[in-house]
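[1] Based on what follows, work out the 3D shape:
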Amino acid sequence: MTTWSVVNDDSREKQWQDHFPRSLPRYVLLVCLALVVVSLGVVLMPARPPVPAQPPFSEQARAAALAETVRLKDAGSRLGTAKQDGSKDGSAGGADGPSAGAGNAAIERTVTLLTTQAQALLAPGESPAVSAAAADSGRATPQAPAASPATPAPSVSGAPSAGASAAPSAAPSTAPLPSTAAGLVAALANSGNQRLADAAVADGGMARLLAAVGTAQLLQASALAAGTGTAAPPADVASPQLSGTCPSPSPTSQSDAGEPAAGQSDAGVPTTGQSAAASSLGGAVAAVVRTEAQAIYGYQVALPRLGGDAAKSAAKELARHDALLSGAESLSRLHCAAVPPREAGYSLGRSFVASPAAGLGRLEAAALPAYGDLVALSEGETRQWAIAGLLCAGERAVLWGADPGALPGLDPATLPSQPSQPAG
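    The predicted structure is shown next:
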């Protein structure tokens, strides 16, 4: 029995050894087919593309500002060309006032201002049409970083609160175009408020551009309301209560702040190159101090030469400039910079004495670049104070008949060429 078992096992081993060489090609073929199937599966199911990185907030805010500006420009163009012959468009214009339609100078100026702003907001190689398409798809809505309690956005009357302002408006992709003058005034004011809120969060240079756009849009909303007989929107920015002390005085910053800034005369009169003057935060604050001191001197000279309502307005604005000068001097101490000494007097020119109201307008317009520099070089409460100062300076310039421009606070030499005014 043992012999038979050994022989039987040997027979099975021999059979397997004889069978395996004949089956080897079959096994190899099966392995190759399996590899082919696996490889086809990998090719047919490619890896998911990586999610593109979200653009920085400043870029998102710029794109949203451009999209909304183009949108408002289109609304103004349609409103400005509406017929007033009893048609539907004409009836809508009549509801806003007798001069709210075609040929209205305020609407034409609004379109011109928005056209200039759109050109300034364009990125290299970008066109307004591309930005408008991005807004329609919702891609131009910026998402701001979480607002810090230490650096809230400025509080603007009629605008979202500090917490809400961290998420800029998505109106370009959802709201219809305004079809009346009142609607355009409201949309223009809302856009200006949003630009100022974004400027409080954006990076330096973009913050100055957004603050300029927002300031001009709020000023033009008031002008458009006056020119079309509609209700004027609120546009007052609440200036923050400055607090804090210098953490560590810096001799370098003090010496820089004490010297007259480049672009100003020895008497402190701003020149056209003022925007390039402030190379540091201390220098920017010092420029505002000198600008406010000169404005106070100008109002003191103009006040005895004005009468009636103009004198009352001048007295009111003189008190505001006193408060602004005190605030700017407090900022100098807060940022460890020496407070520039007050000059005994400033050269105002004969034209100022001959026409003090126009001279005050020129003084207020000349203050805009100083506040624009401070917006770009500061952050937190200092930037909020500068944004409020920029808007208020623009309002005072308009009060005295001066034109703050389409981008108040920016060097005029860097602005895009003004489009031609439509024939009125």
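
[2] Could I get the contacting residues of residue 114?
    69-70, 72-73, 76 (Cβ atoms under 8 Å, 6 or more residues apart in numbering). C-beta: built from backbone N, CA, C; applies to glycine.

[3] mind checking which helix or strand it is in?
    Assigned by DSSP states H and E, residue 114 belongs to helix 105-121.

[4] repeat for residue 193
    Residue 193 belongs to helix 181-199, assigned by DSSP H and E.

[5] residue ranges of the helices in the stretch 301-424 of the chain, please?
    308-334, 350-354, 356-377, 380-399 (DSSP state H, counting those that start in this stretch).

[6] Leaving out sequence neighbours, find the closest residue to residue 295.
    residue 321 (4.9 Å; Cβ to Cβ, 6 or more residues apart in numbering).

[7] what's the neighbour count on that neighbour?
    Look at residue 321: counted by other Cβ atoms under 10 Å, it has 25 neighbours.

[8] pretty sure it contacts residue 297?
    No. Applying Cβ atoms under 8 Å, one finds residue 321 not in contact with residue 297, separated by 9.6 Å.

[9] Ends of stretch 392-410, what's the gap?
    In stretch 392-410, first residue to last residue: 16 Å (Cα to Cα, to the nearest Å).

[10] Can we start the residue count at 2 from this point?
    Done: numbering now begins at 2, and the last item shifts to stretch 393-411.

[11] mind listing what's buried in that stretch?
    Going by neighbour count (16 or more other Cβ atoms under 10 Å), the buried part of stretch 393-411 is 393-401, 403, 405-411.

[12] Skipping adjacent residues, who's closest to residue 112 in space?
    Nearest to residue 112 is residue 77, by Cβ to Cβ, 6+ apart, at 4.3 Å.

[13] Identify the residues contacting that neighbour.
    108, 111-112, 115, 185.

[14] Number of residues surrounding residue 79?
    15.

[15] can I assume it is in contact with residue 178?
    Yes. Between residue 79 and residue 178 there is a contact under Cβ under 8 Å: 6.9 Å.

[16] Can you tell me how far residue 362 is from residue 176?
    Applying Cβ to Cβ, to the nearest Å, the value for residue 362 to residue 176 is 35 Å.

[17] who has more neighbours, those two?
    residue 362 (20 against 14).

[18] That one against residue 405, yeah?
    No. If you go by Cβ under 8 Å, residue 362 and residue 405 don't touch, sitting 9.5 Å apart.

[19] which residues are in contact with both of those two?
    Common neighbours of residue 362 and residue 405 (Cβ under 8 Å, 6+ apart) are residue 398.

[20] Which positions in the helix holding residue 115 come out as buried?
    For helix 106-122, by 16+ other Cβ under 10 Å, it's 107-122.

[21] and it with helix 182-200, angle?
    30 degrees (axes from the mean of the first three to the mean of the last three Cα atoms, to 10 degrees).

[22] Export helix 106-122 to PDB, keeping only CA atoms.
    Extracted C-alpha coordinates of helix 106-122, given in PDB (Å, rounded to 0.1, in the frame of the first residue of the first chain):
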ATOM      1  CA  ALA A 106     -26.300 117.700 -18.100                       C
ATOM      2  CA  ALA A 107     -26.200 115.900 -14.700                       C
ATOM      3  CA  ILE A 108     -26.800 112.500 -16.400                       C
ATOM      4  CA  GLU A 109     -24.200 113.300 -19.100                       C
ATOM      5  CA  ARG A 110     -21.600 114.200 -16.400                       C
ATOM      6  CA  THR A 111     -22.400 111.000 -14.600                       C
ATOM      7  CA  VAL A 112     -21.700 108.900 -17.700                       C
ATOM      8  CA  THR A 113     -18.500 110.800 -18.300                       C
ATOM      9  CA  LEU A 114     -17.300 110.300 -14.700                       C
ATOM     10  CA  LEU A 115     -18.200 106.600 -14.800                       C
ATOM     11  CA  THR A 116     -16.400 106.100 -18.100                       C
ATOM     12  CA  THR A 117     -13.200 107.700 -16.700                       C
ATOM     13  CA  GLN A 118     -13.500 105.500 -13.600                       C
ATOM     14  CA  ALA A 119     -13.900 102.300 -15.600                       C
ATOM     15  CA  GLN A 120     -10.700 103.200 -17.600                       C
ATOM     16  CA  ALA A 121      -8.800 103.600 -14.300                       C
ATOM     17  CA  LEU A 122     -10.100 100.300 -12.900                       C
END
